[in-house]
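# below is the structure, and that's it, no one-letter string:
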């Protein structure tokens, strides 16, 4: 009971909460969304795809006719045999892509996971904290007893929220992939039209590969958290400074993982 009111319990719970969420995130991030524990979810995705694929077959034909008629009625271009052959070659390519693209998605996701595994190597999910040690470090400083008493619950809440945000950032990638995967054939059928309408298909391709390769930057964030964050150390006898150091480290890792999507968009336009 004395430990509870002294704040030691909340510091220990903060360490358990953060470390457990890091272990959960590291266990989830390198799983393949198409098999294993996600096999049932991918089955549901497949069922939706089958329905969408029926629509994609019709749309491919309609988009091709739209593109063909647009080319024929364009007064600025001459409809030659070469252009006609190119239109039908495009149709054949789009039909094959629409037919087989869903069966290719698991391979793309597996390649992204394997690349992430190669980047990580033997490294673990970076920065773990010892709540009991943090409590001792702060408690041994001047005014440390008052500091741990006043900040113990806030530190626990901060660690739990940061860990939760990292877990959600990792899980959100899976959800985004599951949400767009069934519509691959419908989106790519627009390529048969050519011109501005085909930008829908190109946008889908960029978006999917952005979600698939997002895990690579998450892996980079993990590596940086195990090296760069560990170098951040300020020697101080102030209990507040010691407490702020740990909060900054957890916040930095959380910000890096959550910012992966924005970095992917800015750096690769995905």
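Thanks, I have the structure now. The model shown is predicted, which means the values in this text are computed figures rather than measured ones.
# residue contacts, the residue nearest the centre of the chain?
For the chain, the residue sitting closest to the mean C-alpha position, by Cα atoms, centre = their mean, is residue 173 at 3.6 Å. Residues near residue 173 by Cβ atoms under 8 Å, 6 or more residues apart in numbering: 211, 214-215, 218. For every residue, glycine as well, the C-beta is placed using N, CA and C.
# and those, which of them are in helices?
Of these, the ones assigned to helices by DSSP state H are 211, 214-215, 218.
# as CSV, those with distance to residue 73 and neighbour count would be great.
What follows is the ones in helices among the contacts of residue 173, written out as CSV (distance: Cβ to Cβ, whole Å; neighbours: other Cβ atoms under 10 Å):
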residue, distance to residue 73, neighbour count
211, 38, 25
214, 42, 23
215, 46, 22
218, 49, 25
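# of those residues, which is the nearest to residue 115?
Checking the ones in helices among the contacts of residue 173 against residue 115 with Cβ to Cβ, the nearest one is residue 215 at 8.2 Å.
# quick check, pLDDT for the closest one.
pLDDT for residue 215: 83.
# kindly report the same for residue 7.
You'll see residue 7 listed with a pLDDT of 66.
# one step back: how about CSV for the ones in helices among the contacts of residue 173, with distance to residue 256 added?
As requested, the ones in helices among the contacts of residue 173 are arranged in CSV below (distance: Cβ to Cβ, whole Å):
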residue, distance to residue 256
211, 18
214, 13
215, 14
218, 9
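# picking that back up, quick one: which of the contacts of residue 173 is nearest residue 10?
residue 218 (29.2 Å).
# was I right to think the closest one contacts residue 28?
No - checked against Cβ atoms under 8 Å, the pair residue 218 and residue 28 is beyond contact range at 10.6 Å.
# any shared contact partners between those two?
Common neighbours of residue 218 and residue 28, using Cβ under 8 Å, 6+ apart, are residue 170.
# just after the helix or strand hosting residue 11, pick out the following helix or strand.
With secondary structure defined by DSSP states H and E, residue 11 is part of helix 8-29. Next along the chain after helix 8-29, taking DSSP H and E as the criterion, comes helix 39-72.
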